[in-house]
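1. Test case, fold it:
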Amino acid sequence: MRSRGSISGRVLGSRIFVCFGGAALAFADPTQPSSPTNIFAPASTPAKSIFGLSLFVLAVTGGIFLVVFALLLYSIVRFRKKRNDDGREPPQVYGSNQVEMAWTIIPILIVVALFMATARVIALVQNTSPPGNAIAVTAIGHQFWWEYRYPQLGVVTANELHLPVSDPVHPTPTFITLLSADTDHSFWVPRLGGKTDLIPNHPNSMWIDPQQTGVYLGQCAQYCGTQHAKMLLRVYVQSKDDFDLWIRQQRQPAFVNDAVAQGQRIFETTACINCHTVSGTVANGRFGPDLTHLMSRDTIAAGAAPNTSENLRLWIRNPNTIKPGSLMPAMELDEQELNALTAYLETLR
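-> Model (predicted):
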């Protein structure tokens, strides 16, 4: 039986503390009209369903609060101590069938209403079948980065998920299979859907249909180790033409440039090839991100730093300066080798 995660992990995982901490998800696009982590601006059908449910729950609990507060305020005013009180207690009520029925039946009705509303949203999110034009993506959580595979399209990338926008009239949803390569992770992009757990040896799934182009930020929402907070992800929702162009570019093998042959030799004769893949070369590692089109990404180290020459060079020299405790080892290259390797990696576009 396939694990789909708990209710809290699957649908109702839009945790308030993560919402307010969303500003820490680095490098937001300032041109976006809304925060890329704002759960109150859903841009996908599952996120809208969760948002609607949260408003219903807020309305019900808010109504309970107002009733209780009003009764408490009435009791304070009506039964406050007066100057002419003789100190005797007011009449005591030791039993009332009507009151007992009320405080039993009303809470039951409230719980049933909340349960039915929640079950409806869970059924909508979990039981939707992929249409024929759906995009299939396999997301694999690693310590501490994301691997994305497009099995139908022959593309592998890391940390930055690219999707076509879904027209509500002609939806193009994306169905994501969630796998873990090591420990528990949790995939969460607040504006696109509820957080969903990745559990070793238990494939999970979710789907989204982004209805606005733009950049949406998220991160692993399950503590998975010392670099959990920097296991970030970015979702690029593009027009169909832009997405098709991106796919064509990602299918291309790495460009071989004789000017950086020394850097390529260093890459292929060191431990780099044990972890990384570069299409068209002998590098075929699976432990780390695929680097074939490294420079087409906006960030490195799973979103921990912008993808600039300086940061790339620093990341190769000593990953701990960007991501303390990173599993990537320091390469211990001399300056000439470091310069040559950085120059080679900068050609991987």
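2. just checking, N311 touches A305?
-> Yes. If you go by C-beta atoms under 8 Å, N311 and A305 touch, sitting 4.5 Å apart. For every residue, glycine as well, the C-beta is placed using N, CA and C.
3. residues near G154, how many?
-> 10 (other C-beta atoms under 10 Å).
4. What residues does it make contact with?
-> For G154, the contact set (C-beta atoms under 8 Å, 6 or more residues apart in numbering) comprises R251.
5. So for D182, what's the pLDDT?
-> pLDDT for D182: 93.
6. any shared contact partners between N311 and A305?
-> The contact sets of N311 and A305 overlap at I322 (C-beta under 8 Å, 6+ apart).
7. More neighbours: the two, which one.
-> Taking other C-beta under 10 Å, N311 and A305 do not tie; A305 has more neighbours (20 against 17).
8. List phi and psi for the more buried one.
-> Backbone torsions for A305, taken as degrees, to the nearest 10, come to phi -150, psi 150.
9. could you pull out the strands for the stretch 51-200 of the chain?
-> All strands of the stretch 51-200 of the chain, identified by DSSP state E, counting those that start in this stretch, fall at 135-142, 145-150, 155-158, 160-164, 174-180, 185-188, 196-198.
10. now for these, which one comes closest to Q252?
-> strand 155-158 (10.4 Å; C-beta to C-beta).
11. Name the residues that touch the closest one?
-> Against strand 155-158 from outside (C-beta under 8 Å, 6+ apart): 145-150, 247, 250-251, 277, 289-290, 292-293, 297, 302.
12. Mark which of those residues are buried, thanks.
-> Applying 16 or more other C-beta atoms under 10 Å to the contacts of strand 155-158, the neighbour count classes 145-150, 250, 277, 289-290, 292-293, 297, 302 as buried.
13. for this protein, which helix is longest?
-> Ordering each helix of the chain by length in residues (DSSP state H) puts helix 45-78 first.
14. what's that helix packed up against?
-> helix 97-126, strand 204-208 (3 or more C-beta pairs under 8 Å, 6 or more residues apart in numbering; DSSP states H and E).
15. Tell me which of the ones you listed is the most buried.
-> Comparing the helices and strands packed on helix 45-78 by mean neighbour count (mean count of other C-beta atoms under 10 Å), strand 204-208 ranks first with a mean of 23.
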